[in-house]
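Peer 1: Build the 3D model from these lines:
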Amino acid sequence: MRILVAEMRRKGASLGVTCEEIAVVALEKNLRVPLPHDYRAFLREAGGVTPRGIWRGLWKIDEIASLNRVLPVFQWFGGLIGFGNEGFTVYAFDYRRGPLPSVVMLGLSSSDWDDVTQEAASFEEWVRGSL
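Peer 2: Numbers count the residues shown, from 1 in each chain. Alright, predicted model coming up:
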């Protein structure tokens, strides 16, 4: 993940700072779900990213739990855990099929499961596809 984060920086991503394992564990407790290993590694390395330049807006580690609580779309679509957005599009992990979630996208005003589109099988694949 360190190499991928370095590549993100070279491509213009405005990354956050590293965070401690205790912060990631606290987030998982708050969300009541284990985060994918590649996303955990990203959070440890970069803590999130701001929507600057060519990059999609990944939420900072200290924003993730609260945004999942306050954005109605995550109340309407159980099994999705949001981690970023780009305008009115939200990116999330889809836990409906088990503990290894895929990355999906949907609109903030979506109201039907047909609006949920799979983007990638994993967070790392999703990031690589965005570079």
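
Peer 1: Would you check how far apart the nearest residue to residue 109 once chain neighbours are set aside and residue 19 are?
Peer 2: Among residues not flanking residue 109 along the chain, residue 88 sits closest, at 7.0 Å (CB to CB, 6 or more residues apart in numbering). Every residue, glycine included, has its C-beta placed from N, CA and C. Residue 88 sits 28 Å away from residue 19, going by CB to CB, to the nearest Å.

Peer 1: if you skip the residues just before and after it, what's nearest to residue 117?
Peer 2: Nearest to residue 117 is residue 105, by CB to CB, 6+ apart, at 5.3 Å.

Peer 1: now do residue 41
Peer 2: Per CB to CB, 6+ apart, closest to residue 41 is residue 1, 3.8 Å.

Peer 1: Count the neighbours of the nearest residue to residue 122 once chain neighbours are set aside for me.
Peer 2: Residue nearest to residue 122 in three dimensions, not counting chain neighbours: residue 38, with 5.8 Å by CB to CB, 6+ apart. Neighbourhood size, residue 38 [other CB atoms under 10 Å]: 16.

Peer 1: circling back to that earlier point, residues in contact with the residue nearest to residue 109?
Peer 2: 107-109 (CB atoms under 8 Å, 6 or more residues apart in numbering).

Peer 1: Could you do residue 90 as well?
Peer 2: Here residue 90 is in contact with 71, 73, 82, 84, 105-108 (criterion: CB under 8 Å, 6+ apart).

Peer 1: what about 7 Å?
Peer 2: Residue 90 is in contact with 73, 82, 105-106, 108, counting by CB atoms under 7 Å, 6 or more residues apart in numbering.

Peer 1: now do residue 67
Peer 2: 59, 82.

Peer 1: Same question for residue 47.
Peer 2: Residues in contact with residue 47 (CB under 7 Å, 6+ apart) are 16-19, 60-61.

Peer 1: neighbours around the nearest residue to it once chain neighbours are set aside, how many?
Peer 2: Once flanking residues are discounted, residue 47 sits nearest to residue 16: 3.4 Å by CB to CB, 6+ apart. By other CB under 10 Å, the residues close to residue 16 number 18.
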